[in-house]
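Q: the sequence isn't on hand, but the structure is:
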């Protein structure tokens with residue numbers, strides 16, 4: 001079973017399948033998936049406060065606390081990629097955090113110079 005099968009059991013089915021195995025239960029992934037639903041945030045927060053509880057007890061708590069109802073799929077949020085950060089990372093060899101810090105210091109003219117310096121040619125996509 002994948003972690004998202006556990007989420008499906010908690011949100012919709014409310015009963016365990018015959019092939020149920022708590023060994024593959026990943027509390028972080030299940031909690032993160034459930035946290036995108038407004039009515040589940042408080043239950044997930046309780047499990048985040050007590051991370052050392054047994055996996056089976058965490059699953060049973062969520063299974064019996066969250067009401068079954070039709071919920072639409074909530075995709076995981078992803079960070080947006082910034083072209084300027086990518087250019088600074090490539091030019092200086094920085095990681096994300098250092099590139100963000102450097103980007104706050106650099107002027108627009110310097111960013112343009114960096115882009116020109118790392119330009120390797122080819123067809124430009126607009």
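A: Perfect, I can see it now. Quantities reported herein were computed from a predicted structural model and do not represent experimental measurements.
Q: what packs against the lowest-mean-pLDDT helix or strand in the chain?
A: Using mean pLDDT, DSSP states H and E, helix 3-8 stands out as the lowest-scoring helix or strand of the chain, at a mean of 83. Counting contacts by 3 or more Cβ pairs under 8 Å, 6 or more residues apart in numbering; DSSP states H and E, helix 3-8 is packed against helix 27-34. Any C-beta I mention is one placed from the backbone N, CA and C, and that applies to glycine too.
Q: now with 10 Å, please.
A: Applying 3 or more Cβ pairs under 10 Å, 6 or more residues apart in numbering; DSSP states H and E, we find helix 3-8 packed against helix 27-34, helix 55-65.
Q: make a markdown table out of those and add mean pLDDT, mean neighbour count and distance to residue 10.
A: Formatted as a markdown table, those follow (pLDDT from 0 to 100; neighbours: other Cβ atoms under 10 Å; distance: least, Cβ to Cβ, whole Å):
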| stretch | mean pLDDT | mean neighbour count | distance to residue 10 |
| --- | --- | --- | --- |
| helix 27-34 | 91 | 18 | 7 |
| helix 55-65 | 91 | 15 | 5 |
